[in-house]
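Novice: need a structure here:
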Amino acid sequence: MRHPTVRSCLPRACAPALMLALLTACGGGGGGSGQTSDGGVIVTPPPPTTLRGTLIGGAAPVPVAVNGASVTTLQPAAFTQLLEAAQKGSSTLTGTPTCAVTTFTLKYHTVGGAGEDTDAATAIMVPSGTDSACQGNRPVLLYAHGTSVLKRNDMSDLSAAEPRLVAAMYAAQGYIVVAPDYAGYAGSSLSYHSYLDASQQTSDMVDGLRAARKVFAVIGAHPSNKLLLTGYSQGGYVALATQRAMQTGYPGEFTVTAAAPMSGPYALTQFGDAIFGGKPSQGSAAFLPMLINAGQHANAGLYASTSDIYEAPYAAGIADLLPGTASLSELVAAGALPNDVLFAKDSLPQGDGYASFFGAGNLVKTSYRASYLADMNSHPCGANSADPLNCMPVHTLRKWLVKNDLRSYVPAVPVLLCGGAQDPVVPFQNASATADYFTAHGMTSSSLTLLDLESGIIVDSYGSTRLAFEAAKGLLRAASGDQAVRDSYHAGLVAPFCMRATRDFFQNK
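Specialist: From the prediction side, this is the model:
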C-alpha cells in the first residue's frame with residue numbers, strides 16, 4: 001500500500017529514541033440526550049439489561065512465549081527480555097519492568113450498535129512482586145486500544161505490539177490494566193465493529209470494567225480507589241467518550257480520577273469536514289467505511305444502498321468488510337479497497353499536498369462528496385469554539401458525526417490531551433479544538449493539559465519526553481528520510497512518547 005499506516009494503530013515493536021524501528025499505524029461515536037445547565041450533553045446509556053457486564057465463563061491466564069518457554073507470569077527480567085527481543089533498547093523507552101505481570105482474558109456480555117446483546121472480551125493485566133509499587137491496592141487503568149482491521153486483534157496477546165507496550169508502560173509499573181478488545185474482535189460473535197460509535201463503544205468499556213471487577217479477587221488483583229482512563233488513536237476517542245459516559249451516565253457507579261486520551265479524533269465533525277473538504281488523512285479509505293458501517297448498524301440510516309456512497313468496484317462487498325481476516329494490503333491486492341485513493345482525480349476542492357488521495361480507482365462517488373460539501377456550505381460547523389456543533393446538518397453522515405463529536409460536555413476530572421502537531425493520520429487539531437471547547441466552558445490550566453510533542457517546550461514536566469521524541473524523529477529522518485517520518489509518525493513516534501507522558505501525568509493524581 002502507498003500508506004502502510006493503516007495496518008495497525010500501534011507499532012509492532014516499540015523502541016527508544018536511540019533505536020527506533022518506527023513502524024506503522026492508523027487512527028482513530030453514540031450520542032446523548034438532554035443537556036446540562038451549560039449546554040453540555042448528558043449521555044443516556046443504552047437501556048439496562050440483566051446481561052450487560054455479566055460473565056461468560058471465568059478469567060483465563062494467557063501464556064507468553066519467552067526464550068522458547070511458555071509462562072503465564074512474566075517476571076521483570078523475562079519481560080525485559082521480551083521487550084528487547086521485539087526491539088533492542090525498548091525497555092529504555094518504557095522503563096525497566098518493576099513488577100511481574102500476569103495477563104488474563106475474560107468474556108462478558110455487552111451490547112452492539114443497535115442495543116442488541118452480544119459478547120466481547122477484555123484483557124486484564126495484573127502486577128505482582130516484592131517491590132512496593134507492585135503490592136497492596138493498585139490503581140486501575142482502563143485502556144482503549146487503537147484501530148485494527150483484523151478481527152483477531154486481542155489485547156491479551158503480549159506477542160503483539162500494542163498489548164506488549166501497554167503492559168510494559170503500565171502493568172509492569174504497578175497498574176492493574178483492564179483493556180477491552182471491543183465487540184467484533186478477539187472471538188466476539190458480533191459480525192461488525194461499532195467504530196467511533198460513542199454509545200456502543202463506551203458501553204463496551206463500561207461492561208468490560210464491570211466484568212473485570214467481578215473477578216479481581218479471584219485473579220489476585222487488589223484495586224485502589226483510583227480509576228484512570230486512557231487510550232490511543234481510536235482508543236483516545238473511546239477513552240474520552242468513556243469519561244463522558246461515566247460522568248454523565250453512570251455517576252453513581254464509577255468515579256474517575258483522571259483521563260489522558262492520546263491522538264484521538266474527538267472533534268469528529270471537524271475531522272470529517274476536513275476529509276471531505278479536500279484534506280484526507282492517511283488511512284481514510286479504511287477508516288471511513290468502518291465509520292459509515294458502524295452508523296448503519298446503529299440505525300442512523302446513512303445509506304439506502306452502499307452504491308449511494310461507493311464506486312462500483314467496491315460497493316458490493318464493503319459492508320462489514322472491516323474488521324476481517326485480511327490485511328489492508330491483501331484487500332487492496334484483491335481489489336476490495338483502493339490504495340488510499342478516496343476521491344476522483346477531478347473532484348474538487350483539493351488541499352495543497354493532498355493530490356495522492358485523488359485519482360483513478362477512487363472509493364467515494366463524486367456525487368456523494370458533492371452532497372456532503374453542499375451540506376457543509378449550508379450548515380457550517382465549528383465557527384464558534386464554545387458552540388462548534390450548533391450547525392444543524394441535514395446530510396446523514398454529518399448528522400452522525402455531530403452526534404458522536406465529543407465537544408459536547410466538560411470533564412469534571414483532570415485531563416491530559418497528548419499528540420503531535422504533524423500527525424497525518426489523526427490531525428492534532430482534534431485535540432486543540434477540543435481543548436478550546438473545554439477552556440471556553442471553564443476548564444482551567446490546572447485541570448486541562450494540552451501536550452503537543454512538537455511544541456519545543458523543555459522547561460515543563462514533559463520537557464524530557466519532548467526532547468526524546470525530537471531525538472527519535474531526527475534519527476529516523478537521518479536514516480530514512482522525511483517520508484519515513486511521516487509514515488511512522490502517528491504510531492512509531494507519537495504513541496510511545498505520549499504513553500510515557502500519560503504515565504507521568506497519572507503518577508501525580
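Novice: Domains in the protein, by residue range?
Specialist: Domains of the chain are assigned by automatic domain parsing as 4-268+406-507, 269-404.
Novice: Turn the ones you listed into a markdown table, including mean pLDDT and mean neighbour count.
Specialist: To be clear about C-beta, it is placed using only N, CA and C from the backbone, and glycine gets the same treatment. As requested, those are arranged in a markdown table below (pLDDT from 0 to 100; neighbours: other CB atoms under 10 Å):
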| stretch | mean pLDDT | mean neighbour count |
| --- | --- | --- |
| domain 4-268+406-507 | 90 | 21 |
| domain 269-404 | 97 | 19 |
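Novice: backbone phi and psi for the closest residue to residue 443 other than its chain neighbours, please?
Specialist: Closest residue to residue 443 apart from its sequence neighbours, by CB to CB, 6 or more residues apart in numbering: residue 410 at 6.1 Å. Residue 410 adopts backbone torsions of phi -130, psi 120, taken as degrees, to the nearest 10.
Novice: Residue 410 and residue 444 touch, don't they?
Specialist: No - here residue 410 does not reach residue 444: they are 11.2 Å apart, not a contact under CB atoms under 8 Å.
Novice: give me every residue that touches the nearest residue to residue 157 once chain neighbours are set aside.
Specialist: Using CB to CB, 6+ apart and skipping the chain neighbours, the partner closest in space to residue 157 is residue 163 (5.7 Å). Shown in contact with residue 163 (CB atoms under 8 Å, 6 or more residues apart in numbering): 103, 123, 154, 155, 156, 157, 179.
Novice: Residue 391 now?
Specialist: For residue 391, the contact set (CB under 8 Å, 6+ apart) comprises 269, 379, 380, 381, 382, 383, 402.
Novice: my read is the third one is in a strand, agree?
Specialist: No - the secondary structure assignment for residue 380 gives coil rather than a strand, going by DSSP: H, G, I helix; E, B strand; the rest coil.
Novice: name the element residue 58 belongs to?
Specialist: For residue 58, the element it lies in under DSSP states H and E is strand 55-61.
Novice: Look up phi and psi at the residue nearest to residue 157.
Specialist: With angles defined as degrees, to the nearest 10, residue 163 sits at phi -60, psi -40.
Novice: Report the separation between it and residue 316.
Specialist: 35 Å (CB to CB, to the nearest Å).
Novice: for residue 204, same thing?
Specialist: According to CB to CB, residue 204 stands 29 Å off from residue 316.
Novice: now residue 85
Specialist: In terms of CB to CB, residue 85 sits 43 Å off from residue 316.
Novice: Likewise for residue 419?
Specialist: Here residue 419 is placed at a distance of 37 Å from residue 316 (CB to CB).
Novice: Could you do residue 289 as well?
Specialist: Counting by CB to CB, the gap between residue 289 and residue 316 amounts to 13 Å.
Novice: Next: residue 374.
Specialist: Separation of residue 374 from residue 316 (CB to CB): 27 Å.
Novice: Also residue 338?
Specialist: Distance, residue 338 to residue 316, using CB to CB: 15 Å.
Novice: Residue 416 falls within a strand, correct?
Specialist: Yes - judged by three-state DSSP, residue 416 forms part of a strand.
Novice: contacting residues for it?
Specialist: Here residue 416 is in contact with 258, 259, 260, 261, 449, 451, 501, 502, 505 (CB under 8 Å, 6+ apart).
Novice: Distance of it relative to residue 230?
Specialist: As judged by CB to CB, residue 416 and residue 230 stand 9 Å apart.
Novice: Ends of stretch 161-178, what's the gap?
Specialist: 17 Å (CA to CA, to the nearest Å).
Novice: Helices along the stretch 101-250 of the chain, start to end?
Specialist: Using DSSP state H, counting those that start in this stretch, the helices found in the stretch 101-250 of the chain span residues 161-169, 198-219, 234-248.
Novice: which other residues reach the helix or strand just after the strand holding residue 58?
Specialist: The C-terminal neighbour of strand 55-61 among helices and strands, as given by DSSP H and E, is strand 64-66. Strand 64-66 is contacted from outside by 70, 71, 72, 74, 78, 81, 82, 85, 103, 158, 159, using CB under 8 Å, 6+ apart.
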